[in-house]
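Asker: How does the following fold in three dimensions:
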Amino acid sequence: MSDPTELVPELKELAGWLYRAAGNRSVPRGTIGLVQLRAGQIVGSTYLTAMHAGLLRKAGESDGRIDAVATWRTAGCFTGAERAALALVDAVLIANPHGERVPDALYAEAARHYAPKALATLTIAIGQVNFFVPLALIGKPVPGVAPSEQWT
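Answerer: Next up, the predicted model:
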């Protein structure tokens, strides 16, 4: 795939705005990273999974917690707020054939842990990673290689 930022230069600016919106500090950066790692796992993107796991490691997150994201529901190492955030990303990305994807009870649980601005930020963070899912799945970037070095 050709470099999408060269083909659509506005993408760099949009990516910057999304990053700033998700990183407004109303939600801990580590929680944002856990959510974005989980999104990469759910959509089956090795690139997004490796990238977000690497960013979490660089930020000081333990390997044990990073590894546990895939099985967060049974892992005892996440706070209630982190569990609510991970439940939200699961609900958004995993189809529920028997009901609504984000039921009121899940929203209420998330709202119990996050102030309104933080909950909006968490929602934006889920949207931020999902904005890049098509590029990750269609473009098939190589994990560990900077985007500037791999687009043809």
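
Asker: Quick one: residues contacting the closest residue to residue 24 other than its chain neighbours.
Answerer: For residue 24, ignoring the flanking residues on the chain, the nearest one in space by C-beta to C-beta, 6 or more residues apart in numbering is residue 121 at 5.7 Å. (Each C-beta comes from the backbone N, C-alpha and C, glycine too.) Neighbouring residues of residue 121 by C-beta atoms under 8 Å, 6 or more residues apart in numbering: 21, 22, 24, 26, 27.

Asker: from what I can see the second one touches residue 33, true?
Answerer: Just to be clear, that refers to residue 22. No. Residue 22 lies out of contact with residue 33 (C-beta atoms under 8 Å); the separation is 10.2 Å.

Asker: Dump the strand or helix carrying the residue nearest to residue 24 to CSV, restricted to CA.
Answerer: Using DSSP states H and E, residue 121 maps to helix 116-139. Once non-C-alpha atoms are left out, helix 116-139 reads as follows in CSV (Å, rounded to 0.1, in the frame of the first residue of the first chain):
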residue,chain,number,x,y,z
PRO,A,116,-18.3,12.8,32.0
LYS,A,117,-15.2,14.3,30.3
ALA,A,118,-13.2,11.1,31.1
LEU,A,119,-16.0,8.9,29.7
ALA,A,120,-16.1,11.0,26.5
THR,A,121,-12.3,10.8,26.3
LEU,A,122,-12.4,7.0,26.7
THR,A,123,-15.0,6.8,23.9
ILE,A,124,-12.8,9.0,21.7
ALA,A,125,-9.8,6.7,22.5
ILE,A,126,-11.8,3.7,21.3
GLY,A,127,-12.7,5.6,18.2
GLN,A,128,-9.1,6.7,17.7
VAL,A,129,-7.7,3.2,17.5
ASN,A,130,-10.6,2.1,15.4
PHE,A,131,-10.0,5.0,12.9
PHE,A,132,-6.7,3.3,12.1
VAL,A,133,-8.0,-0.3,11.9
PRO,A,134,-8.7,-0.2,8.1
LEU,A,135,-5.1,1.0,7.5
ALA,A,136,-3.7,-1.7,9.7
LEU,A,137,-5.8,-4.5,8.1
ILE,A,138,-5.7,-3.4,4.5
GLY,A,139,-2.2,-1.9,4.5
